[in-house]
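>>> Structure for this input, please:
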Amino acid sequence: MSTPQSLAGLIDPELVELNAPYSSKQEVFEAVAKRLVTKGVVSDADALIRDIEFRETQGKTGIGNLIAIPHAKSSSVNSPSVSVIVLDQEIEWETLDDAGVQGIILFAVNDQPEGAREHLRLLSLFARKLAHTKVTDALIHASSTDDVVAAFA
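All right, here's what the predicted structure looks like:
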């Protein structure tokens, strides 16, 4: 993933899903993994899901304000990606504010050293932006992919 001019440049519109009907973390992970395999970003959906689930056991990825940033380093990742899912309803998720989640930004990077650096860079960039309620509100209320990109501009 090259260094973009803005954070919004990291978001691939093909990896954005709005009004998603998923009712559990597992459904979200399966849908994202399937989409990433279809796009050629990931070679093995099951391996990616296992790696995401493993990371979920290490600590809460729900950062509050209805947002979660699940992430994984996985040998199944061919190229780094950022997937954005906005659900049609709040779902249960382990979060820092003990609330649910409706917006999910999922990072998938390779488990090699360069992937680890990219992983930390993505987490840092998005976490800083998502600390602002204005951004999280814009994401949760996005009605188009352009709205999602604009939330991170």
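>>> Could you name the residue of this protein that is farthest from its center?
Pro113 (20.4 Å; Cα atoms, centre = their mean).
>>> quick one: low-confidence parts of the chain?
In the predicted model of the chain, residues 1-6, 115 satisfy pLDDT under 70.
>>> can you point me to the longest strand in it?
The strand spanning the most residues in the chain, taking DSSP state E as the definition, is strand 81-91.
>>> could I have that one exported to CSV, CA atoms only?
The C-alpha coordinates for strand 81-91 follow below in CSV (Å, rounded to 0.1, in the frame of the first residue of the first chain):
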residue,chain,number,x,y,z
SER,A,81,-6.2,-3.6,2.8
VAL,A,82,-8.7,-1.5,4.7
SER,A,83,-12.3,-2.6,4.7
VAL,A,84,-15.1,-0.4,6.0
ILE,A,85,-18.4,-1.8,7.0
VAL,A,86,-21.3,0.2,8.3
LEU,A,87,-24.0,-2.0,9.8
ASP,A,88,-27.8,-1.4,9.6
GLN,A,89,-27.9,-2.0,13.3
GLU,A,90,-25.7,-2.0,16.4
ILE,A,91,-24.2,-5.4,17.2
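>>> For that strand, enumerate its sheet partners and note whether each is parallel or antiparallel.
For strand 81-91, sheet partners with direction are given as strand 16-20 (parallel), strand 101-109 (antiparallel), following DSSP bridges.
>>> contacting residues for the closest residue to Glu94 other than its chain neighbours?
Nearest in space to Glu94, with sequence neighbours left out and distances taken as Cβ to Cβ, 6 or more residues apart in numbering, is Lys60 at 4.5 Å. Placement of C-beta: from N, CA and C, glycine included. Contacts for Lys60 were tallied using Cβ atoms under 8 Å, 6 or more residues apart in numbering; they are 94-96.
>>> Before I go, just wanted to say thanks for your time.
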